[in-house]
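S.K.: Structure of the sequence below:
(2 chains)
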Amino acid sequence: MPAPAKGSELRVKIGGEAGFGIKAAGQTLARSFVASGLEIFDLTEYPSLIRGGHNTYTLRVSPSAISSHVEAVDVLVALNRESIDLHQSELVDGGAVIYDPEDEKNADWQAPERLLAVPVPLMRLAKDAGGPIMRNTVALGAVLALVGFPIDPLADGLRAQFAHKAPEIAEQNVLAATAGHEHATEAAATFGVTLEPVPDAPRRLLVDGNEAIGLGALAAGIGFYAAYPMTPASSVLHFMAAHERDASVVVKHTEDEIAAMNMVVGAAFTGARAMCASAGGGFALMVEAFGMAGVSESAVVVGVFTRPGPATGLPTWTEQSDLRYVLHAAQGEFPRVVLAPGDRADAFELAWKAFNLADQLQTPVVILGDSYLSDNRQSVPYFDLDAVVVDRGKLVTEGNIAEHPDALGQTGEYLRYKLADYGVSVRALPGVKGATQLGNSYEHDEYGYGSAGEAADVRVAQNDKRMRKLELARNLVPRPAVFGAEAADADVAVLFFGTTKGPALEAMRWLEADGVKVAAMQVVTLSPFPADDVAVFLGAARRSIIIEGNYTGQLQGLVREQCLRDVDESLHRYDGRPFSPEQVYAKLKEVAENA
Amino acid sequence: MPEVAEIQRALAPTWCPGCGNFNMQKALSEVLAESGMGFEEYVMVWGIGCHGNGADFYRSQGFHGLHGRALPLATGIALTNPDLKVIVEMGDGDGYGIGGNHFIHSVRRNIDMVAIFHNNQIYGLTTGQASPTSDQFMRTPSTPGGVVEEPVNPVGVAVAQGATFVARGFAGDVEHLKDLYRQAIAHKGFAVVDVYQPCVTWNKINTFKWFRDRVYKLEELEGYDPTDRTAAFELSMSTFHELTCAPDECKIPIGVFYREEDSFTYQDGLPQLDRPMWKHAEAPRDIGAILEKFE
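M.R.: Predicted coordinates:
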């Protein structure tokens, strides 16, 4: 079985013009399913514009665990004719098309025999309920009717969603949804897929990657967030700004990314937990100050969320092509930690851990994501807030530095960059008595003075001190996550990083059902690279493959460099779309069968 | 409270003999000493250039940042610890050229901090190229045919962009400069102090003598009202003059061009900044109520 057949789960695609409110409508539906105990994964695809152009929102709903979107579609909600023409071929046999028969552009459309046409007068029912804007809501009601799902969870969701606007708008939407529901009930018998609420399901969250990262940063005690808007990172800025008062965070929309990164270094200097995020293009502007964070040993967290490049590239699409870039960005050499969450649960956990690592190591930490992580929502187990810890490393926040003899030099003065085992010196915040110090973008001596850093022995001592942090980091950073069979027992061993995790885990479940044994390793920390773990994993494998969303094989190159070994096969994608589990399934099956 | 000698208990200055930076350091050190602020009460931030080498010549809480980026670095400090007075030192290339964007936006933000510009109208540390404030037609190694552009008018830009304190000093008059520094440090809001600071090595035109022959004090200008923004803007046009103008053809005003008391600062707009932001990271933040919105 390449993908779950029609019936065991539901895949709905809503298509229409940008500005139709497709994503908002889809997410309302998603919330009502999650509130009913079902698992969801959504996928929003949109061009870089505000009105016009074709958008889709795809929602996958299942009573059992899922970890990605799929290509298969059971129900297409076509808000315009273009959606029918573009997407009817994606429907499974017996799939349904919900469309407006009174839209004159649909007049000449005949459903192919293999599909079920579900005509619903979307516009008329919306107008009857209160306005044409509620066309989406009518369609949502129709989708629920088609799978025999009650209307109540959606009605509750609509009331909650519009509570802050006006109760009458909420009731109009409920009316619209109910009209759609009633209209499509008849077609349900022919469609033959039933979805039911799951009673007593555990509490879950519905978050996208940026929300998960934002929540992780809030939990970690972030005090300062700065950013310049850039897709797909902008919604972290919105999230932080929305919580600047209730969570007490200073949030700054800056004049450019250069300012954002420099402000973050300044904020870290006062001891605030500080972060900025952007896409690769914005990070390009941050790079010089990113290096300053390295040489000045500043505890900063930087989100880099990849969209296809170079330059402006494909603004609203996804890729995994910034791995080498974040590993090497900035002139000179300094230690950095690079963490790549694979899904939204990872994103929350790695976000709060990133702040601890930045403090423990006093060096920049990158959270490497992508549009697939940022833009799309997934139901996840409730985040474990009790697991969150704050570890600020060697930090003196108040009092007199004289009480900390390990921070002082032989003459009794505070040395911010005192040579230390594993390279981490005691960091005293401005305001601590006696702790005059000079943070410096120049190489510097133990106090921080720049011209003193030009002495050859001082340069080497400070450089070595900083680079020793990588040894310490190896014991602090998350190790690779492994899934499925033992590498030695597996028909194929697959290595990946970041959001390839979702489609890969999904495909593995399907392969297991086929009797194919797969071992998977997700490289969570890309720097310092877990060479030993990866080498052992690949060494034990009979056949191995790397799957990564780029052209040049950046992870594969890293494996060659760090592990002095290679994999047998690779799968790449760089068309702006995430890997689908169908694609991963087919490739892994081929590799396993040719073993 | 640190004495001047303590404030300067650092590495020995390496500025060229006679450099205007010496007097600027003297003025600032003396004002800091008399301010009564302890070392732990203020932070100094420097950009890159000859002025920035001064980072090594002060004992202070400080940060020597990147070329052109002192203002955002300082902003990060000011916006996360309300207990610290932030004093930023920049050069003319540093602050008005590569950092010009940050200058404009820092002014309009009215962040409560002091921004001092060491303006010698030349690039010193990189050996004498034209700077954004070099006068038009000045010949330098990067402009052998003469600078084509008009110079940046820092006072005019600051006033036009809504600055709440704009002053210009001259490194040849330490007592006058000290008075400007005192007012800038006392000012609530973004205080711009542009200081003509002759480069004795690379700028053979705008010398100490050149300025002494041309500067006059605004406080001695009869009828000048430093709360009149239009008058300040008009006066800033004195930036534009012939390269070879005679002393009586181009007079250079120094002093406070413009001031606005009780302005709304950026920090005033941040009620959450009621304590140093590190205090929010002493333990995990309770986000239970926020998380419920994602159920």
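S.K.: What's the separation between the residue nearest to B:G93 when sequence neighbours are not counted and chain A?
M.R.: Nearest non-adjacent residue to B:G93, counting by CB to CB, 6 or more residues apart in numbering or on different chains: B:S131, 4.5 Å away. In this view, the C-beta of every residue, glycine as well, is placed from N, C-alpha and C. B:S131 sits at a distance of 20 Å from chain A (criterion: CB to the nearest CB, to the nearest Å).
S.K.: how about the strands of the stretch 1-150 of chain B, start to end?
M.R.: With DSSP state E, counting those that start in this stretch applied, the stretch 1-150 of chain B shows strands at B:42-46, B:61-64, B:85-91, B:113-119, listed in chain order.
S.K.: okay if I get the ones you listed as TSV plus mean neighbour count, mean pLDDT and distance to chain A?
M.R.: Rendered in TSV, the data for those read as follows (neighbours: other CB atoms under 10 Å in any protein chain shown; pLDDT from 0 to 100; distance: least, CB to the nearest CB, whole Å):
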stretch	mean neighbour count	mean pLDDT	distance to chain A
strand B:42-46	27	98	5
strand B:61-64	28	98	4
strand B:85-91	27	98	9
strand B:113-119	28	98	11
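S.K.: Report how many residues lie close to A:F497.
M.R.: By the measure other CB atoms under 10 Å in any protein chain shown, the count of residues near A:F497 is 28.
S.K.: make that A:V389, sorry
M.R.: The burial count for A:V389: 12, using other CB under 10 Å.
S.K.: do the same with the one 5 residues further on
M.R.: Around A:K394 there are 16 other residues, counting by other CB under 10 Å.
S.K.: Would you quantify the distance from it to A:R273?
M.R.: Taken as CB to CB, to the nearest Å, the spacing of A:K394 relative to A:R273 amounts to 15 Å.
S.K.: Where does residue 216 sit, in terms of helix or strand?
M.R.: Since no chain was named, I'll use chain A. Here A:G216 sits within helix A:209-219, counting by DSSP states H and E.
S.K.: You answered for a different chain; I wanted chain B.
M.R.: Element membership for B:Y216 (DSSP H and E) is strand B:215-217.
S.K.: who does whatever helix or strand comes next after that strand touch, helix- and strand-wise?
M.R.: Next along the chain after strand B:215-217, taking DSSP H and E as the criterion, comes helix B:229-236. For helix B:229-236, the packing partners by 3 or more CB pairs under 8 Å, 6 or more residues apart in numbering or on different chains; DSSP states H and E come out as helix B:154-160, strand B:252-259.
S.K.: at 10 Å what do you get?
M.R.: Here helix B:229-236 touches helix B:154-160, strand B:165-170, strand B:252-259, going by 3 or more CB pairs under 10 Å, 6 or more residues apart in numbering or on different chains; DSSP states H and E.
S.K.: Which among these is found nearest to chain A?
M.R.: Between chain A and those, the shortest separation by CB to the nearest CB is 14.5 Å, and it involves helix B:154-160.
S.K.: Alpha carbons only: can I get the closest one in CSV?
M.R.: As requested, C-alpha coordinates have been extracted for helix B:154-160 and formatted as CSV (Å, rounded to 0.1, in the frame of the first residue of the first chain):
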residue,chain,number,x,y,z
PRO,B,154,23.7,65.2,10.1
VAL,B,155,22.1,68.0,12.0
GLY,B,156,19.5,68.6,9.3
VAL,B,157,18.8,64.9,8.9
ALA,B,158,18.3,64.5,12.7
VAL,B,159,16.1,67.6,12.9
ALA,B,160,14.1,66.6,9.9
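S.K.: List the neighbours of that helix that are in contact with it.
M.R.: Applying CB atoms under 10 Å, 6 or more residues apart in numbering or on different chains, the set of residues contacting helix B:154-160 from outside is B:92, B:95-96, B:100, B:103-104, B:106-108, B:115, B:117, B:119, B:132-133, B:153, B:163-168, B:190-192, B:194, B:229-240, B:253, B:257-258.
S.K.: Buried ones among those?
M.R.: B:92, B:95-96, B:100, B:103-104, B:106-108, B:115, B:117, B:119, B:132-133, B:153, B:163-168, B:190-192, B:194, B:229, B:231-233, B:235-236, B:238-239, B:253, B:257-258 (16 or more other CB atoms under 10 Å in any protein chain shown).
S.K.: In chain A, which residue sits closest to chain B?
M.R.: In chain A, no residue comes nearer to chain B than A:G266, which is 2.5 Å away by CB to the nearest CB.
S.K.: and that residue, what does it touch?
M.R.: Residues near A:G266 by CB under 10 Å, 6+ apart: A:224, A:226, A:272, A:274, A:289, A:298, A:439, B:43, B:45, B:63, B:65, B:69-81, B:86.
S.K.: Select from those residues every entry located in helices.
M.R.: Restricting the contacts of A:G266 to those inside helices, with DSSP state H as the criterion, leaves A:289, B:70-78.
S.K.: Nearest to A:H243 among those?
M.R.: B:G76 (19.3 Å; CB to CB).
S.K.: ok, for the closest one, nearest residue in space, not its chain neighbours?
M.R.: Once its chain neighbours are removed from consideration, B:G76 has its nearest residue in A:G266; the separation is 2.5 Å (CB to CB, 6+ apart).
S.K.: Unless I misread the structure, that neighbour falls within a helix.
M.R.: Yes: counting by DSSP: H, G, I helix; E, B strand; the rest coil, A:G266 is part of a helix.
S.K.: Distance check, it against B:A115.
M.R.: Between A:G266 and B:A115 the distance, using CB to CB, works out to 14 Å.
S.K.: thinking again about what came up before, check whether the residue nearest to B:G93 really touches B:G97, as I assumed.
M.R.: Yes: counting by CB atoms under 10 Å, B:G97 is a contact partner of B:S131 at 6.5 Å.
S.K.: Please enumerate the shared neighbours of those two.
M.R.: Listed as contacting both B:S131 and B:G97 by CB under 10 Å, 6+ apart are B:91, B:123, B:152.
S.K.: export the residues you listed to CSV and tack on distance to A:I84?
M.R.: Supplementary listing: those in CSV, determined by distance: CB to CB, whole Å:
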residue, distance to A:I84
B:G91, 63
B:Y123, 64
B:V152, 59
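S.K.: Go through the residues you listed and name the one nearest B:V174.
M.R.: If you rank the shared contacts of B:S131 and B:G97 by distance to B:V174 using CB to CB, B:G91 comes first, at 19.4 Å.
S.K.: Quick check, pLDDT for the residue positioned nearest the centre of chain A.
M.R.: Averaging the C-alpha coordinates of chain A gives a centre point, and the residue nearest to it by CA atoms, centre = their mean is A:L373 (2.5 Å). The predicted local confidence for A:L373 comes out at a pLDDT of 98.
S.K.: ok, it to A:T178 distance?
M.R.: Counting by CB to CB, the gap from A:L373 to A:T178 is 36 Å.
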